[in-house]
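A.B. asks: Okay, predicted coordinates and the sequence, questions at the end:
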Amino acid sequence: MANRTENRAKMATFVAIACLAALCAFGRAEAARDAPFRGLGHGVVAPPDPRSLVETLQQNYTELYDQHDFSGLASMYCEHSYNLVDGQNDYATIVAQNMLPSYFQNQYMNNGVRQINTTVDYVAQESATVIHEVGSTHYPMSTRLPGKYYIRWKLCDKMNRWVIDIHIMSLSLQFDPSDLSAIPSAGPDPIGHIMAADNMITHAYEAENFDVIGQYYADTGKLLPLTIIQGFTVGRKPITAYWTGMSVARHVMDLTISMVSVTPDAVNPAVAYELGLASFTVSIDPPKRQLYFRRWTNSLPDGTGNWTIDLDITPVDGKTPPTPPP
C-alpha cells in the first residue's frame, strides 16, 4: 500500500511538472510571436506587456474617432509622422500630422466613415521605445471593405507618451497612375541612392544573387509581407534567406522594384521613406503589381553615410492575400 501511494505521488509530481513545462513552452511561443525583436532594445525600460499597451492605444484611437474629436485623434500622432492614407478612390496619398483633423473630418462627412473598429492582430516590440503593430480595420456603418493597417509606435521623448510615427492606413492601397502629384518626392539626396539601390535589387534578384539583396538591409532590418502570415523576418541573414526562398521555393519571378517617391523625415536627416510598386509573377498566375513601403536609415546622423533598409513592407511573398471577412 505504501509503495502504491508513493507511486501515485510520483506520478502526480511528474504530471504537474509536464503541465508546467507545456505552459512555459506555450508562453515562450506566444512571446516569440508577438516580440521577435527581443534583446535589441537599450536604455529605457520596455513596457511589460506591449500587446496590452497597443490595445489600449487602439481603444483610445477608435473612441476619439467615434466621438468626432479629430483634433484629439491627430494628437496621437508624432508631429513629423509619416501617414499614408486612403485618398480619392482608395488611392494612396500622404497627409501631414497637422492636416489629419481635416482628413478625418472629410472621411466622416463626405466618405461615409461614421465609425471605425480596429482589431490588433500582431504586435512586435523592437526596442524599449519602438513597437510595431499590424491590425484590421472594420467600418460598421459604411460600405467600405475591412482591411489591414500598419503602425509604428514610438515613445516620444518630448511628450513622454506613445505616439504614431508611421501609419499605413491600408495595406491594399494603390497608386493613381494618371496622377502621382499627390505623392511628394524628395530632392536629389537621398533619392539617387535609393533609386540606385532599387535597380541593384531588381538585377540581383534576376541573377539570383541574393547576398547582394541582403546587403541593402540594415543589420537589424525588418521585412513584413503584406499577408502577415509569418510575421516579421528580422536581420540581414534571415532576410537574405527569405528572398532566396521566394525564388527557389515560391517561384516568384520577373521581380521589378519601381520607386514612386522618396520622402525625407521632417526632422531626422538619417531617415527617409520610400513608396513604390513591385511587379512580379508567382508560378503561372497573372502578373501582380502592388504597393510596397520602406523606411531607410543612414549610417551617419547627418545622412551622408550609407543608406540601408530598416523596414520593408513588401507584397512579394508568393502567397495570395486572405479574403477579408464580410
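C.D. replies: Alright, I've got the coordinates.
A.B. asks: center of this protein - which residue?
C.D. replies: Computing the C-alpha centroid of the chain and ranking residues by C-alpha atoms, centre = their mean puts Tyr150 first, at 4.6 Å.
A.B. asks: Could you pull out the buried residues of whichever helix or strand that residue is part of?
C.D. replies: In the assignment (DSSP states H and E), Tyr150 maps to strand 147-156. Going by neighbour count (16 or more other C-beta atoms under 10 Å), the buried part of strand 147-156 is 147-155. In short, each C-beta sits where N, CA and C put it, glycine included.
A.B. asks: Could you spell out which stretches of this structure belong to which domain?
C.D. replies: Taking automatic domain parsing as the criterion, the chain consists of the domains 50-168, 188-314.
A.B. asks: Using a markdown table, please lay out those together with mean pLDDT.
C.D. replies: Listed next are these as a markdown table, based on pLDDT from 0 to 100:
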| stretch | mean pLDDT |
| --- | --- |
| domain 50-168 | 89 |
| domain 188-314 | 88 |
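A.B. asks: hey, where'd the helices end up in the stretch 201-326 of the chain?
C.D. replies: Ranges of helices within the stretch 201-326 of the chain are 210-214, 236-248, based on DSSP state H, counting those that start in this stretch.
A.B. asks: closest to Asn83 out of those helices?
C.D. replies: helix 236-248 (25.9 Å; C-beta to C-beta).
A.B. asks: For the closest one, give me every contacting residue.
C.D. replies: If you take C-beta atoms under 8 Å, 6 or more residues apart in numbering as the criterion, helix 236-248 is touched by 205, 208, 210-211, 213-215, 217-219, 221, 223, 233, 252-253, 312, 316-318.
A.B. asks: I'd like to know which of these are buried.
C.D. replies: Looks like these have 205, 210, 213-215, 217-218, 221, 223, 233, 252, 312, 316-318 buried, using 16+ other C-beta under 10 Å.
A.B. asks: which among those residues gets closest to Val262?
C.D. replies: Nearest member of the buried ones among the contacts of helix 236-248 to Val262, counting by C-beta to C-beta, is Asp312, at 14.3 Å.
A.B. asks: For the closest residue to that closest one other than its chain neighbours, list each beta-bridge partner.
C.D. replies: Spatial nearest neighbour of Asp312, chain neighbours left out: Leu223 (4.6 Å); criterion: C-beta to C-beta, 6 or more residues apart in numbering. Under DSSP bridges, the beta-bridge partners of Leu223 are Thr233, Asp312.
A.B. asks: show me the contacts for Leu223.
C.D. replies: Counting by C-beta under 8 Å, 6+ apart, Leu223 makes contact with 217, 232-234, 239, 242, 311-312, 314.
A.B. asks: Repeat the analysis, applying 6 Å as the threshold.
C.D. replies: By C-beta atoms under 6 Å, 6 or more residues apart in numbering, the contact set of Leu223 is 233, 239, 312.
A.B. asks: Format these as TSV; extra columns: distance to Ser299.
C.D. replies: Conversion of those to TSV gives the following (distance: C-beta to C-beta, whole Å):
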residue	distance to Ser299
Thr233	22
Ile239	18
Asp312	17
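A.B. asks: quick one: which of the helices of the stretch 201-326 of the chain is nearest Glu126?
C.D. replies: Of all these, helix 236-248 comes closest under C-beta to C-beta, at 14.9 Å.
A.B. asks: Quick check: phi and psi at Val267.
C.D. replies: With angles defined as degrees, to the nearest 10, Val267 sits at phi -130, psi -20.
A.B. asks: Does it touch Glu79 like I think?
C.D. replies: No. If you go by C-beta atoms under 6 Å, Val267 and Glu79 don't touch, sitting 8.3 Å apart.
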